[in-house]
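Enquirer: sequence and predicted model, in that order:
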Amino acid sequence: MSLKESLYRFMNSNGFGSALLEARRIRRHRQKVETVLSSEHRFVDRSTGSERLCIVLAGYKEPLWDNVFSRLAYAAPEDMDICIMTSGLENEQLARIAEENGWSYLSTEVNHLSLIQNLAIELHPSAQWIFKLDEDMFLPKTFFEPLIETYGLVERDSYYQPAFVSPLINVSCYGHIRLLEKCGLIDDFRSTELSDVKITDGIHHNKRVLEDATVARYLWGETQPVLRDVDELTKRFMMDDLSYTICSTRYSIGAILFTRDAWEEFGKFPLTFVGSDFGLGDDEEHICHYACFTGRAMVVSENVIAGHLGYGPQTKGMMEYYAEHEDRFVLPCVKEDE
C-alpha cells in the first residue's frame, strides 16, 4: 500500500478526517460545475420555433454521418427543429451538414454531455416534444410521429405516466430480446451461446450484449438477414396496432422522446462527473432514476425499429463491420437513386 493510500485510509477511519475529505470532494465538485457553467458556446440558430425538437449528439463517428444524417433528414417532419450538438469541440463537416439541411448547430468549449443537451433545449424555448439521438442511431423512414402517438396512447389508455418513449432498438440491453421474439429468432440466438438471453443493464450481468461486437453483429443480421433492414421491420410492425412494452431496468437513451415538462421536472440533465469528467452516462442514469423513483414508465414502442451500431466497447469491431457492409445501412431510396 502506498503512502497516499495509507493516509487516505487513516483519514477515513476517523470522523474529523472523513469530514475533511468530504469537504474537499464538495469543493472540487463545485469548482468543476463552475468551470462547466462559465464556459463558452457557439450556436448557429436556424430554428423556427417549432413545438418539436430533435437534438443529436455527434462529433466522434465521422464514417457514419452520411447514412445517419440522410436517414434523419428523410424521416424528419418539415415542421421539426433539428440541432446537431458537438460537446467540447467544433466540427466543420457537421456544421456544413446542419447548414445544408437547414438545421441548427451547437458547440461547446467544455465537453460535458448534460451541459450541451440542456443548452440545446434552453435555446429552443418553444419545444415541448424533445427527441434526443446519438450519432450512431440509424432511423427508419417512419420514426417520429408513431413515437408521439405512442406517448399519447400510454397517457390516454393505460395506467402509466411516461418518463420517455423509445423505439425498439436492435443493439439494446433491453430491446434485443423483444426484437428477437418478434422475429422468431430467440431459439436461434440462444443456440449461438453469445449471451445468457436475459434482459440486462449490460453492467451487472449478461455483459456480452454491451461488450461483445459479435453480439452486435448478430443483431445487425450477420447470419439472419431479416435483422438487417430497420425500414422493412418498421414497415412490417407498423401494420399492427400501436403497442408498447414497459422497461423495468436501466435503459440506454440513444434514441428517446420526452417532454419539456419532464425535463424541467427531473431538474434538467445533471452537471455531475460520475461516469467520467464529461458526464458520460450521467444523463442516462438521471432520467432512469427519475422514471423509477417518481413512478413513471420507460416506454418502448413495439412498432418502430431503430438501429444502434453498438455500445462503446463494441465500437472498434462494429466500425469494421460497418465499413465491410455499408450498403446494409443505406436508406433504401438512396440505394434506388444510385
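Expert: Structure received. Numbers count the residues shown, from 1 in each chain.
Enquirer: pretty sure F237 sits against A306.
Expert: No - taking Cβ atoms under 8 Å as the definition, F237 is not a contact partner of A306, at 11.8 Å. (Each C-beta comes from the backbone N, C-alpha and C, glycine too.)
Enquirer: and for these two, which residues touch both?
Expert: L168 (Cβ atoms under 8 Å, 6 or more residues apart in numbering).
Enquirer: wait, what's in contact with the residue nearest to V110 when sequence neighbours are not counted?
Expert: Counting by Cβ to Cβ, 6 or more residues apart in numbering, the nearest residue to V110 once its immediate chain neighbours are dropped is S39, at 3.9 Å. Residues in contact with S39, defined by Cβ under 8 Å, 6+ apart, are T108, E109, V110, L115.
Enquirer: doesn't A306 belong to a helix?
Expert: No - per DSSP: H, G, I helix; E, B strand; the rest coil, A306 lies outside any helix segment and is strand.
Enquirer: ok, it - contacts?
Expert: M137, F138, L139, P140, F143, P167, L168, I169, N170, V230, A255.
Enquirer: could you dump the residues you listed to TSV with distance to D196, neighbour count and secondary structure?
Expert: Rendered in TSV, the data for the contacts of A306 read as follows (distance: Cβ to Cβ, whole Å; neighbours: other Cβ atoms under 10 Å; DSSP: H, G, I helix; E, B strand; the rest coil):
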residue	distance to D196	neighbour count	secondary structure
M137	25	23	strand
F138	26	25	strand
L139	29	29	coil
P140	29	25	coil
F143	31	27	coil
P167	24	30	strand
L168	20	24	strand
I169	19	28	strand
N170	18	25	coil
V230	25	27	helix
A255	25	24	strand
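Enquirer: tell me which two of those sit farthest apart.
Expert: The most widely separated members of the contacts of A306, counting by Cβ to Cβ, are F143 and N170 (14.1 Å).
Enquirer: which ones among the contacts of S39 map onto helices?
Expert: Counting by DSSP state H, the part of those found in helices is L115.
Enquirer: buried residues in the helix or strand containing C288?
Expert: Element membership for C288, per DSSP states H and E: helix 282-293. By neighbour count with 16 or more other Cβ atoms under 10 Å, helix 282-293 contains the buried residues D282, D283, E284, E285, H286, I287, C288, Y290, A291, C292.
Enquirer: for it, packing partners?
Expert: helix 113-122, strand 162-169, strand 297-308 (3 or more Cβ pairs under 8 Å, 6 or more residues apart in numbering; DSSP states H and E).
Enquirer: in a markdown table, list the ones you listed along with distance to P225 and mean pLDDT.
Expert: Below are those laid out as a markdown table (distance: least, Cβ to Cβ, whole Å; pLDDT from 0 to 100):
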| stretch | distance to P225 | mean pLDDT |
| --- | --- | --- |
| helix 113-122 | 35 | 96 |
| strand 162-169 | 18 | 98 |
| strand 297-308 | 14 | 98 |
